[in-house]
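Q: here is the input, now give the coordinates:
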Amino acid sequence: MSQFERANDIFDALRDRTTWEMRQETWYKMRHTGLRRISPPYPGAADLHFPLIDALIERMKPFYYGQLFATDQFATFVSLKTQPADTTSEVASWFDYRLKQKSNFQRKILTTIDAMLMAGRAPIKVYWDFELGQLCFAAIAPSYFILPADTEELEEAPWLVHVLLMSVDQYKANPNFRQDEDFVNRIRGNTVAETGLYGLGQQYDTIKRREGITFTKTNRQIVLWEIYSKENDRVCFETYSPQSLEEADYVRPKQWLPYEHDCYPFISLRSEIKDEGWYSPRGIPEIVAAFEDSLCRQWNFKHDYMDFVNKPLFKNTQGISNPQNVSFLPGSSLPQGLEPAVMPAPPISFDQELQMTRALAEYRVSIPDLGATQHLSGRPGSRGDVTATQVQAIIGQSGLSDDMRSRVFRLDMADLYRMCWELYKQYDAKSLTFVLFDTVGQVPPDALQGEYEIQPNGAADSWNKPAAMQKAVARLQLLGNSPYWKRNELEKNLVEIDDPRLIKRAYQDPGIEQQNQMEQQAQEISIMLLGFPAQVQPADDDKAHLQSLQGYVDAELQQGKPLDPKFARLALGHIQGHMQALNQKRDPALNQVRQQIAPLIDYLQKMAMMDQQQQQQQQPGNVIPGPGAQPPQPQQPQEPPTAKDLSSIQSDRVKDATAVANSLANLIKAGVQINMADVNTALSNMGLPPINPMAHPLSPATPPEPPPQVGTQPLV
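A: Residues are numbered from 1 along each chain as shown. Now for the predicted structure:
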């Protein structure tokens, strides 16, 4: 197709959308400045603008904002190939990090949402900036985007035009544009209107004159057209000025897009799906324009009435001369023959009419909230008030509209995310690092070349955080104790609605927490083996501690090692502490746990009885005889000790060493400074060898290491 024919098609498209373009100009004025009163009834009459359109748009934008940012990530990735779930989750986190932190997506998408609510449909450009080395977005005003009016989807368009409005300095700063001075002077400003010429040789009529689209009134600006089309399934674009559309007057030679996705670099967001055609979706101004016009008129009429009522009028019944000399002050008397004129009451309640009109407008566009009480003013019940059933019905009906609106929005966002992913795969596959909350991660290189199904996150009620929290709490209460549902996932869903960062910071997997608690109990077992009691902490997982202690005792018995009676006594006290803690926490499994550890308690009680009997049989050996005591009798020579006697002596020396160690440990805990010389002196007084680097054959045996975790049944 020649450039001449393509230009004719573009101007035909401009002619076809003339009505739509004029309406957009009207909607813009109504939103920002309002339409002025054509004929005020008297000088100084009120000329007010009720900002209904602007208020509805500003209240609707958080709904779409919640579709994007209510969850911790923009999209969910589903791998089409077999790979670990953690890898797929890392890819989704990487994609989310690149969009939020390494692009201008967050700023441009909000501008595009605003334009969509105004015009019904708004395009956004997705391109790779080779100078910055990152993905970039450009929000495009709907009037600066031209394509055939009967186009429904962008990829079906035979051509499309992106209108660029820039200053002369911006044009000259781009080295890719044609820079000869004569050409720049011909395309700047409204040269066609000044010279009476047109590049195509056609008559320059009002249909083709679009300020900011085909010309500008100032010669300090330049309008350019980027004309995109497809040739052999590849996208190319040509850059021309609408001031001169001849073949030789190109601003930039034909360029082929280097993108592998072979699609137009644009995505459009729609507010609704209605009739066929590019301009069929309606924005909020088109739907509620009549309501804003009515509100402005009612508001002005109210102030007109107030002008007459708030300024009192008087009747001159006796022909007072010079009434202008009469002063009216608070508390003063009226002169004779002057009577106040009583103004009639207003025929309608202006405030009631204003509220009803506003409520009708909000009902018409289905604002997703219950801010206006008029939404709940249904037919009252038998007692004269609105019932809860009516309120729930209104909320349900509004929820259906919200769900449909959010689904349409997520359809377009899915196309945008897929285009972004294709560009990332092509140009950014070597950047593997990402940041998730306060941690740094890295994606496997092969994962970025995988095939994924990308689904936008968000839901119809993402904007309403209190309602979503209430639903999550009800879900947790209903399903949290069911064996068919994962309670940890339900809890994470509840926290995610409030603050997704808390999941990474505060959440701990139940299995890891149980393992940590059992390791803590193993340390407490080591303390009890040294003869010290282990304290029960309020934050302990009592069942995990009891399970770890039971596993240690079972492992010792399987190896044929009887427990030390002193350890058995300390372990009994420790078990009693955990059972009391379970009772204070009102654990429903307390009785079951008591039954499971009953054999362990019986065995430890028997071993503790042996310790008590040994203590009663032992006589103190460090008592100094007092006055009047009989001197010790000389002992008869005894036979040399046998191996059995040596074993008994060794056992006694071990007990003595243990007693010394316990005493020294208690002194250290009390804050007494003890050095190595003091320890050796205490050992010498007990008849024990001092501490030296070489092991003594009769030195106390080293306490055994905590045994590994055994496969005992977990305590429920």
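Q: how near is Pro344 to Phe308?
A: Here the criterion is C-beta to C-beta, to the nearest Å. By it, Pro344 lies 10 Å from Phe308. In this view, the C-beta of every residue, glycine as well, is placed from N, C-alpha and C.
Q: low-confidence ranges in the stretch 501-650 of the chain?
A: Scanning the stretch 501-650 of the chain for pLDDT under 70 picks out 501, 503-514, 611-650.
Q: what do you get if the cut-off is 90, keeping everything else the same?
A: The stretch 501-650 of the chain contains residues with pLDDT under 90 at 501-573, 576, 578, 580-650.
Q: where along it do the strands fall?
A: In the stretch 501-650 of the chain, no strands are defined using DSSP state E, counting those that start in this stretch.
Q: ok, the chain next?
A: For the chain, applying DSSP state E gives strands covering 75-79, 121-129, 134-139, 145-146, 159-167, 221-231, 234-240, 252-256, 266-270, 313-316, 338-341, 433-436, 439-442, 452-456.
Q: for Phe183, find the nearest of the ones you listed.
A: strand 221-231 (10.7 Å; C-beta to C-beta).
Q: kindly export the closest one (C-alpha atoms) in CSV.
A: Extracted in CSV, the C-alpha atoms of strand 221-231 (Å, rounded to 0.1, in the frame of the first residue of the first chain):
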residue,chain,number,x,y,z
GLN,A,221,5.9,22.1,18.5
ILE,A,222,6.0,19.2,16.0
VAL,A,223,3.4,16.5,15.5
LEU,A,224,4.7,13.1,14.3
TRP,A,225,2.9,9.9,13.2
GLU,A,226,4.4,6.5,13.9
ILE,A,227,2.5,4.3,11.4
TYR,A,228,2.7,0.6,12.4
SER,A,229,1.7,-2.2,10.1
LYS,A,230,2.5,-5.9,9.5
GLU,A,231,4.4,-7.3,6.5
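Q: okay, now Ala522: neighbour count?
A: Close neighbours of Ala522, defined as other C-beta atoms under 10 Å, add up to 19.
Q: what of the one 10 residues further on?
A: Residue crowding around Phe532 was assessed by other C-beta under 10 Å; the count is 15.
Q: how far away is it from Ser401?
A: Taking C-beta to C-beta, one finds Phe532 at 68 Å from Ser401.
Q: could I get the buried residue list for the lengthiest helix in the chain?
A: In the chain, taking DSSP state H as the definition, the longest helix is helix 388-427. Residues of helix 388-427 classed as buried by neighbour count (16 or more other C-beta atoms under 10 Å): 390, 394, 398-399, 402, 405-406, 408-410, 412-425, 427.
Q: could I get the average pLDDT for it?
A: What helix 388-427 shows for mean pLDDT is 85.
Q: which other helices and strands contact it?
A: For helix 388-427, the packing partners by 3 or more C-beta pairs under 8 Å, 6 or more residues apart in numbering; DSSP states H and E come out as helix 52-69, helix 85-101, strand 121-129, strand 134-139, strand 266-270, strand 452-456.
Q: I figured Tyr603 hits Val553, correct?
A: Yes: using C-beta atoms under 8 Å, Tyr603 is in contact with Val553, at 7.3 Å.
Q: these two - which one has more neighbours?
A: Val553 (23 against 15).
Q: separation between the more buried one and Ala139?
A: 70 Å.
Q: how about Ile287?
A: Relative to Ala139, and taking C-beta to C-beta, Ile287 is found at 23 Å.
Q: export the strands of the chain to a markdown table and tack on mean pLDDT, mean neighbour count and distance to Phe567?
A: Output for those, formatted as a markdown table (pLDDT from 0 to 100; neighbours: other C-beta atoms under 10 Å; distance: least, C-beta to C-beta, whole Å):
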| stretch | mean pLDDT | mean neighbour count | distance to Phe567 |
| --- | --- | --- | --- |
| strand 75-79 | 92 | 18 | 53 |
| strand 121-129 | 96 | 20 | 69 |
| strand 134-139 | 96 | 18 | 64 |
| strand 145-146 | 94 | 22 | 82 |
| strand 159-167 | 93 | 19 | 82 |
| strand 221-231 | 92 | 19 | 82 |
| strand 234-240 | 92 | 18 | 79 |
| strand 252-256 | 91 | 12 | 81 |
| strand 266-270 | 95 | 22 | 71 |
| strand 313-316 | 77 | 12 | 105 |
| strand 338-341 | 77 | 12 | 104 |
| strand 433-436 | 87 | 16 | 46 |
| strand 439-442 | 86 | 10 | 42 |
| strand 452-456 | 92 | 17 | 57 |
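Q: dump those strands to a markdown table, plus distance to Cys296.
A: What follows is the strands of the chain, written out as a markdown table (distance: least, C-beta to C-beta, whole Å):
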| stretch | distance to Cys296 |
| --- | --- |
| strand 75-79 | 42 |
| strand 121-129 | 26 |
| strand 134-139 | 30 |
| strand 145-146 | 31 |
| strand 159-167 | 31 |
| strand 221-231 | 34 |
| strand 234-240 | 43 |
| strand 252-256 | 47 |
| strand 266-270 | 29 |
| strand 313-316 | 27 |
| strand 338-341 | 29 |
| strand 433-436 | 50 |
| strand 439-442 | 54 |
| strand 452-456 | 38 |
